[in-house]
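In: predicted model follows, preceded by the sequence.
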Amino acid sequence: MPFTIAIDGPAASGKGTIARALARHFGFAHLDTGLLYRAVGAMGGDPVAAARALVPSDLDRDDLRSAEAGQAASRVAAIPEVRAALIDFQRRFARTEPGAVLDGRDIGTVICPEAELKLYVTANDAVRARRRALELGDDEVRILGELRERDARDAARAVAPMRPAKDALLLDTSEMAIDEAVAHAIASAKEAGA
Ligand code: CDP
Ligand code: CDP
């Protein structure tokens, strides 16, 4: 049985950084599920058809990291048929041996409710905006507005809203350097049996 780690949380909370570090540490596969929605949003046209036709090479586009791609992703992510079309791929990935780390918004609640470890990574929104603005070389105030709008939409949608699973461990990285956040996550994974 593979070991599955589910990581969820709001935009720019550090999920991806922690997920990549966990995967490297334990020799597990990693899937940034936000890229699936970003790719669907970036394709234009009918998002349901785009989600049904998605292939892994669609995730390699260079323009998926932008704030605009994030907004487009969060709009298509509220469409139930788009989410349904992406479930099988994510669940198959989660069964990669010897283990897999998936990060997103609904991994612990919908995609992998049986995951061996569920983490919900947060940080206050000013910190998240500062980190993302540094990363993208963009304006902090503009990014803060963008993150708040996206988080509100992601938390309010009817299907698979962003929220911690009941048995998720909360990791607030507001005051943590990356190394410290990663060390906490590795310790939690070891405790869970990884
Ligand atoms: O995947 P998610 O959008 O949740 O966040 P991320 O891309 O992992 O992290 C957003 C930015 O914050 C990146 O530039 C990270 O290097 C940085 N970061 C940080 O400065 N301190 C942390 N404890 C975690 C992430
Ligand atoms: O990196 P960041 O946290 O800014 O965003 P992301 O993880 O790339 O996700 C982009 C958007 O995709 C989110 O705002 C959500 O609307 C959507 N998403 C989702 O609905 N479910 C997931 N499992 C992952 C992302």
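Out: Done, it's in. Ligands and ions are numbered 1, 2, ... in the order given.
In: list the contacts for Ala69?
Out: Arg38, Gly41, Ala42, Asp63 (CB atoms under 8 Å, 6 or more residues apart in numbering). Backbone N, C-alpha and C define where each C-beta goes, glycine included.
In: and the pLDDT for the third one?
Out: The score at Ala42 is 97. That number is its pLDDT.
In: wait, it touches Asp62, no?
Out: No. In this structure, Ala42 is not within contact of Asp62 by CB atoms under 8 Å, at 10.5 Å.
In: the more surrounded of the two?
Out: Set Ala42 next to Asp62 and count neighbours by other CB atoms under 10 Å: Ala42 wins out with 19 against 6.
In: which one is His184 nearest to, not counting chain neighbours?
Out: Leu171 (5.9 Å; CB to CB, 6 or more residues apart in numbering).
In: C-alpha coordinates for stretch 110-130, CSV please?
Out: C-alpha atoms of stretch 110-130 as CSV (Å, rounded to 0.1, in the frame of the first residue of the first chain):
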residue,chain,number,x,y,z
VAL,A,110,-12.5,14.8,-1.4
ILE,A,111,-9.6,13.3,-3.4
CYS,A,112,-7.8,11.3,-0.7
PRO,A,113,-9.9,11.2,2.4
GLU,A,114,-8.1,8.1,3.4
ALA,A,115,-4.6,9.7,3.2
GLU,A,116,-2.2,8.5,5.9
LEU,A,117,-1.3,12.1,6.6
LYS,A,118,-3.4,15.3,6.0
LEU,A,119,-1.8,18.7,6.5
TYR,A,120,-3.6,22.0,6.3
VAL,A,121,-1.1,24.7,5.7
THR,A,122,-2.0,28.4,6.5
ALA,A,123,-0.3,31.7,7.0
ASN,A,124,-1.8,35.1,7.5
ASP,A,125,-2.7,36.9,4.3
ALA,A,126,-0.2,39.7,4.5
VAL,A,127,2.6,37.2,4.8
ARG,A,128,1.3,35.2,2.0
ALA,A,129,1.0,38.2,-0.3
ARG,A,130,4.5,39.3,0.6
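In: distance from it to the middle of the chain?
Out: The chain centre lies 8 Å from the centre of stretch 110-130; the measure is CA atoms, centre = their mean, to the nearest Å.
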